[in-house]
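**Q** need a structure here:
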Amino acid sequence: MTFKITNDDVQAFQADYEKQPLNQVLERAVTKNGIRNASFDWHAQADNDPHFSIDLSTGEVSDQKQSGRCWMFAALNTMRHEMQAKFNLPENFELSQSYQFFWDKFEKANYFYKNVINTAELPHDDRKVAWLMTTPQQDGGQWDMLCALIEKYGVVPQSAMPETYNSSKSREINEVLNNQLRHDAVILRKLVNDYGVEDERINQTRKEMLNRVYRMLAMSFGEPVQSFDFEYRTKKDHEFHREANLTPQTFFKKYVGWNLDDYISIIQAPTADKKYHQTYTIEMLGNVVGGRPIKHLNLPMDEFKALAIKQLKGGESVWFGSNVSKYSETKLGLMALNTYNYEALFNTELKMSKADALDYGESMMNHAMVLTGVDLVNDQPTKWKVENSWGNKVGTKGYFVMSDEWMDEYCYQIVINKKYLSDELKAAQAQEPQVLAPWDPMGTLA
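**A** As a prediction, the model looks like this:
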């Protein structure tokens with residue numbers, strides 16, 4: 001059998017295209033307006049108006065700008081929601097994302113060095129080594145990674161460590177830092193192969209490399225604050241408050257006050273290699289060496305959504321991860337399966353099961369946001385309110401609407417307080433996790 005495209009094949013395709021007059025009409029529409037505009041279905045907007053039976057008050061939307069810190073913004077936003085209500089903070093209050101960004105990149109550099117040392121005896125084209133070198137570090141992350149940072153470094157208000165050029169626009173620091181890390185990987189691999197992994201020269205070299213990384217990050221983000229004064233004026237009665245000489249750890253304990261062990265990651269991965277009610281972790285994925293490891297509990301979609309609804313009913317917003325690239329209209333703030341009708345436009349079939357989309361690379365988690373509401377009809381969800389981190393000029397002042405069907409297909413992770421789990425689910429979550437390969441889709445960083 002030959003797979004060469006012949007002239008006869010091309011002529012047959014041309015004849016088939018030209019015999020259908022509608023193709024010329026669609027060609028003009030698509031070439032002029034683009035695929036998305038030509039396939040947009042206004043019914044999706046009509047079906048998903050921004051009104052919800054459960055709607056938490058969560059203040060102004062933040063803006064991650066030109067950086068991949070959505071997971072960080074979403075997590076810190078879930079914390080600030082409770083702080084705003086408890087301390088009567090103004091609606092524009094934010095926790096410092098730049099502070100977490102600094103420590104995340106610093107810790108990721110060390111995590112990378114550890115993985116390089118541990119794989120140094122493998123050939124450079126081994127799949128694990130190649131995976132490490134593809135992206136030594138990046139902006140993205142997962143819930144457990146932020147918990148590991150907070151447990152070690154605490155949090156600070158944005159007033160104590162504001163945004164900088166490089167925190168808001170991270171391409172340049174990522175380019176230079178990844179260059180540095182790959183450069184260092186060459187040296188570390190050679191040292192291990194020359195002297196063995198236990199040789200003290202390797203650890204000393206690692207520390208010298210981390211010193212350079214610290215310098216690069218401090219110049220880019222500013223050196224992390226160690227103590228600060230917290231000043232604010234309350235939203236309702238405009239009373240002024242000041243607390244002096246707080247550390248990031250004491251600020252977290254007093255003003256956030258969460259027991260991070262109470263919050264766990266739930267995933268929705270219907271692939272054949274992942275059983276439901278089983279926990280999973282991902283090899284070589286993390287940021288803080290010795291810190292909180294990645295751990296997911298896989299659940300069916302009905303249980304997944306029921307937990308999110310239970311937490312919203314309890315007055316707590318929900319961190320979640322999804323593939324925001326799919327059937328999402330940014331300006332309108334709309335995520336619905338009928339937003340764009342590509343199949344009708346091209347007279348084709350594109351539908352894949354959620355499992356196949358994960359297994360074949362068609363979909364994976366790429367963005368984290370916050371659920372702040374849900375519309376229930378006969379106690380069943382029809383649409384969800386989403387707090388994004390793309391500023392207030394998109395959606396409804398930065399808030400998006402997600403259809404329930406879209407959640408079924410493209411949501412992969414939520415973070416739930418363990419108090420909302422049944423005893424059976426608590427027991428399932430307590431299991432030792434099975435280890436997934438570094439490139440597993442459930443290891444994708446939001």
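**Q** and Asp16, that's in a helix?
**A** Yes: looking at Asp16 with DSSP: H, G, I helix; E, B strand; the rest coil, it is inside a helix.
**Q** my guess is Thr330 meets Trp390, correct?
**A** Yes: at 7.2 Å, Thr330 counts as touching Trp390 under the criterion of C-beta atoms under 8 Å. Quick note: C-beta positions are derived from backbone N, CA and C, even for glycine.
**Q** which one's more surrounded, these two?
**A** With neighbours defined as other C-beta atoms under 10 Å, Thr330 and Trp390 compare such that Trp390 has more, 21 against 14.
**Q** need phi/psi at that one.
**A** Main-chain dihedrals, Trp390, degrees, to the nearest 10: phi -110, psi 30.
**Q** I'd say it and Gln64 touch.
**A** Yes: here Trp390 reaches Gln64: they are 7.0 Å apart, a contact under C-beta under 8 Å.
**Q** just give the nearest non-adjacent residue to Asn48, would you?
**A** Val401 (4.3 Å; C-beta to C-beta, 6 or more residues apart in numbering).
**Q** one more: Glu303?
**A** Excluding its sequence neighbours, the residue lying closest to Glu303 (C-beta to C-beta, 6+ apart) is Leu425, at 7.6 Å.
**Q** likewise His241?
**A** Counting by C-beta to C-beta, 6+ apart, the residue nearest His241 is Tyr232, at 5.6 Å.
**Q** residues of stretch 158-171 that come out buried?
**A** Within stretch 158-171, the residues that qualify as buried are Gln158, Ala160, Met161, Glu163, Asn166, Ser167, Ser168, Ser170, counting by 16 or more other C-beta atoms under 10 Å.
**Q** tell me which of the residues you listed is nearest to Gln311?
**A** Gln158 (25.5 Å; C-beta to C-beta).
**Q** what sits against the closest one?
**A** Residues in contact with Gln158 (C-beta atoms under 8 Å, 6 or more residues apart in numbering) are Phe93, Glu94, Leu95, Ser96, Gln97, Ser98.
**Q** residues in contact with the closest residue to the third one other than its chain neighbours?
**A** So the one you mean is Leu95. Sequence neighbours aside, Leu76 is the residue nearest to Leu95 in space, at 4.3 Å (criterion: C-beta to C-beta, 6+ apart). Counting by C-beta under 8 Å, 6+ apart, Leu76 makes contact with Glu94, Leu95, Gln97, Gln100, Leu146, Val155.
**Q** so which of those residues sit within helices?
**A** If you go by DSSP state H, these have Gln97, Gln100, Leu146 in helices.
**Q** for Asn366, see how far away Ile35 is.
**A** The spacing between Ile35 and Asn366, counted by C-beta to C-beta, to the nearest Å, is 20 Å.
**Q** pick out whichever of the two has more residues nearby.
**A** Each of Ile35 and Asn366 has its neighbours counted (other C-beta under 10 Å); Asn366 has more, 19 against 14.
**Q** contact partners for the spatially closest residue to the more buried one that is not a sequence neighbour?
**A** Distance criterion C-beta to C-beta, 6+ apart; nearest residue to Asn366, sequence neighbours excluded, is Asn323 at 5.5 Å. By C-beta under 8 Å, 6+ apart, the residues touching Asn323 are Ser363, Met364, Met365, Asn366, His367, Tyr410, Tyr412.
**Q** grab the two from those residues that are most spread out in space.
**A** That would be Ser363 and His367, which, of those, are the farthest apart (C-beta to C-beta) at 11.9 Å.
**Q** mind checking how far stretch 217-236 is from the chain centre?
**A** Centroid separation for stretch 217-236 versus its chain: 24 Å, with C-alpha atoms, centre = their mean, to the nearest Å.
**Q** hmm, who's touching that stretch?
**A** Outside stretch 217-236, the residues that touch it by C-beta under 8 Å, 6+ apart are 84, 87-91, 93, 98-99, 101-103, 105-106, 153, 156-157, 159-161, 164, 166-167, 173, 177, 239-248, 251, 255.
**Q** which of those fall within helices?
**A** 84, 87, 98-99, 101-103, 105-106, 153, 166-167, 173, 177, 248, 251.
**Q** which of these sit farthest apart?
**A** Greatest spacing in these, by C-beta to C-beta: Phe87 and Leu177 (36.0 Å).
**Q** apart from its neighbours in sequence, what residue is nearest Tyr17?
**A** Asn23 (5.5 Å).
**Q** isn't that neighbour up against Asp16?
**A** No: counting by C-beta under 8 Å, no contact exists between Asn23 and Asp16, whose distance comes to 9.2 Å.
**Q** the two: which has the busier surroundings?
**A** Neighbour count, other C-beta under 10 Å: between Asn23 and Asp16, Asn23 has more, with 14 against 10.
**Q** burial measure for Ala244, as a count.
**A** Using other C-beta under 10 Å: Ala244 sits among 9 other residues.
**Q** tell me which of Phe87 and Leu177 has more neighbours.
**A** Relative neighbour count places Leu177 above the other of Phe87 and Leu177, with 23 against 14, counting by other C-beta under 10 Å.
**Q** the more buried one touches Val213, doesn't it?
**A** Yes: look at Leu177 against Val213 with C-beta under 8 Å: they come within range, at 7.1 Å.
**Q** got any residues that touch both of these two?
**A** Counting by C-beta under 8 Å, 6+ apart, the residues touching both Leu177 and Val213 are Lys105, Ala109.
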